[in-house]
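1. Sharing a sequence plus its predicted fold:
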Amino acid sequence: MSSKSLARTFIVDVEDRPGTLNRVVSLFRRRNYNIDSLSVGRTERPGVSRITLRVRADDGVAQRIEANLYKLVNVLKVQDLTNAPSVVRELAFIKVSVSHERRGEVLRLCDLFRARVVDLHSSALTVEITGTEDKVHRLIEVLRPFGILESLRTGAVAMVRGSLSEESSDEVAA
C-alpha cells in the first residue's frame, strides 16, 4: 500500500444526539489532523445523521482515523470512500461584481459551468454551482477577474454509487 498523503473522503453515520459532532471533531483535534471539509445532515433513517469529512492522509493515518472513529460513542458506520465508486459534490454561492455591460459575459461563463443565478442586483449577481471540488474551484478562478465580492462553499457530501449494499438493505428492512 502507498504511504502517499491523499485527499480522503470519509462518511460517518452517527446517532443524531447532542455532542456527537463535537466528539468526532475533537478526535481530529486531539490527533492533530486538519479537516479540509465537513458537512453534516440527516439521512433517510430517523435518528441517524451523516457526517462527510475530507482530510489529507496517507494509508496508515486513514486506517487509524477509521479505527478511532469506530471507538466513539454514537458512531454507527464509517466508510473511507477514497477508492470506492462514489458521488461527491459541493455547493457554492459566488457573488460577483458586474457592470451591466459585462453581465452577459459573466452569464455565459456561468452557463458553461451549469451554474445558475440566484440573486441579481444592478451591480452584482450571485450564482449557485453544484459539482466536484475542482469544478467549483475552476468557476471561482474564472470569475475572479470580474471581482468576487463574497463566496461561500459547503463541505463535500458523498454517497457510494449503485444500489444499497446487503448490510444497508437489511437495516432498511428492519
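-> Noted; the coordinates are in hand.
2. beta partners of residue 10?
-> On the basis of DSSP bridges, residue 10 is bridged to residue 53, residue 80.
3. Return the distance of it relative to residue 84.
-> 11 Å (Cβ to Cβ, to the nearest Å). Bear in mind the C-beta positions are built from the backbone N, C-alpha and C, glycine included.
4. Compare the two (neighbour count), which wins?
-> The residue with more neighbours, out of residue 10 and residue 84, is residue 10; 22 against 13, by other Cβ atoms under 10 Å.
5. list the contacts for the more buried one?
-> Residue 10 makes contact with 51, 52, 53, 54, 55, 65, 66, 69, 78, 79, 80, 81, according to Cβ atoms under 8 Å, 6 or more residues apart in numbering.
6. pretty sure the last one is touching residue 12, no?
-> What that stands for is residue 81. No. Counting by Cβ atoms under 8 Å, residue 81 does not reach residue 12; the two are 10.9 Å apart.
7. I'd like to know which helix or strand in this protein has the lowest mean pLDDT.
-> helix 166-173 (a mean of 45; mean pLDDT, DSSP states H and E).
8. In stretch 141-156, which of the residues would be classed as buried?
-> 143, 146, 151, 153, 154, 155, 156 (16 or more other Cβ atoms under 10 Å).
9. Please produce a markdown table containing those residues, extended by pLDDT and secondary structure.
-> A markdown table is the format used below for the buried residues of stretch 141-156 (pLDDT from 0 to 100; DSSP: H, G, I helix; E, B strand; the rest coil):
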| residue | pLDDT | secondary structure |
| --- | --- | --- |
| 143 | 97 | helix |
| 146 | 96 | helix |
| 151 | 97 | strand |
| 153 | 94 | strand |
| 154 | 91 | coil |
| 155 | 88 | coil |
| 156 | 91 | coil |
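10. The spatially closest residue to residue 151 that is not a sequence neighbour bridge partners, please.
-> With sequence-adjacent residues excluded and distances taken as Cβ to Cβ, 6 or more residues apart in numbering, residue 151 is closest to residue 94, at 4.7 Å. Judged by DSSP bridges, the bridge partners of residue 94 are residue 127, residue 151.
11. any idea how far the helix or strand where residue 49 lies is from the chain center?
-> Assigned by DSSP states H and E, residue 49 belongs to strand 48-57. Relative to its parent chain, strand 48-57 has a centroid offset of 8 Å by Cα atoms, centre = their mean, to the nearest Å.
12. which helices and strands does it pack with?
-> strand 6-15, helix 20-30, strand 35-42, strand 157-160 (3 or more Cβ pairs under 8 Å, 6 or more residues apart in numbering; DSSP states H and E).
13. Alpha carbons of that strand, in CSV - could you do that?
-> The C-alpha coordinates for strand 48-57 follow below in CSV (Å, rounded to 0.1, in the frame of the first residue of the first chain):
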residue,chain,number,x,y,z
VAL,A,48,-29.3,8.9,12.1
SER,A,49,-27.2,11.7,10.6
ARG,A,50,-24.3,11.5,8.2
ILE,A,51,-21.0,13.3,8.6
THR,A,52,-18.9,13.7,5.4
LEU,A,53,-15.3,14.5,6.2
ARG,A,54,-12.4,15.3,3.8
VAL,A,55,-8.9,15.1,5.1
ARG,A,56,-5.4,14.7,3.7
ALA,A,57,-4.0,11.4,5.0
